[in-house]
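S.K.: The amino acid sequence is not available; the structure is as follows:
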């Protein structure tokens, strides 16, 4: 996978204001407002910045948290993680491995088979529906 390395100035004209806030500035959309929170469509979820495939709809579940949640990434190589100490707590941030964009966070309270909950901002994703 080719890594994309752009400055914020290069990303800004390519993203909406909300995408830039979340993907490049590590923001979070308000719970239950994202377009994919309740989506049941089949397909693959791609990075909203670089179009890398990140998650499959087969791994999506309703976590009740207000953000699209997945049990696992499409491939282990699709994402990377790092420790996030913002907001006076320690969490694990999820990033697109290809472009480094902030996607959301992962928690160890998900369903079987992985026990993981990848809690991802809708604005960070682009669903490519199966036809």
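M.R.: Perfect, I can see it now. As the structure is a computational prediction, the values presented were derived from the model and not from experiment.
S.K.: what ranges of the chain fall below the confidence cut-off?
M.R.: Within the chain, the stretches with pLDDT under 70 are 131.
S.K.: where along it do the helices fall?
M.R.: All helices of the chain, identified by DSSP state H, fall at 8-11, 17-19.
S.K.: Quick check: chain neighbours aside, which residue is closest to residue 129?
M.R.: residue 43 (4.1 Å; Cβ to Cβ, 6 or more residues apart in numbering). For every residue, glycine as well, the C-beta is placed using N, CA and C.
S.K.: Equivalent analysis for residue 65, please.
M.R.: Once chain neighbours are set aside, the closest to residue 65 by Cβ to Cβ, 6+ apart is residue 119, at 5.9 Å.
S.K.: can you pull up the bridge partners for that neighbour?
M.R.: Judged by DSSP bridges, the bridge partners of residue 119 are residue 69, residue 105.
S.K.: How many neighbouring residues does it have?
M.R.: 23 (other Cβ atoms under 10 Å).
S.K.: pretty sure it is touching residue 62, no?
M.R.: No. In this structure, residue 119 is not within contact of residue 62 by Cβ atoms under 8 Å, at 12.0 Å.
S.K.: what's the overlap in contacts for the two?
M.R.: Common contacts of residue 119 and residue 62, defined by Cβ atoms under 8 Å, 6 or more residues apart in numbering, comprise residue 69.
S.K.: Which residues are in contact with the spatially most central residue of the chain?
M.R.: Among the residues of the chain, the one closest to the centroid is residue 103, at 3.2 Å (Cα atoms, centre = their mean). Residue 103 sits next to 23, 47, 54, 79, 94-96, 118, 120-121, 124-125 when contact means Cβ under 8 Å, 6+ apart.
S.K.: Switch those residues over to a markdown table, and while doing so, append distance to residue 34 to every line.
M.R.: Output for these, formatted as a markdown table (distance: Cβ to Cβ, whole Å):
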| residue | distance to residue 34 |
| --- | --- |
| 23 | 13 |
| 47 | 15 |
| 54 | 15 |
| 79 | 18 |
| 94 | 15 |
| 95 | 18 |
| 96 | 17 |
| 118 | 14 |
| 120 | 9 |
| 121 | 6 |
| 124 | 9 |
| 125 | 8 |
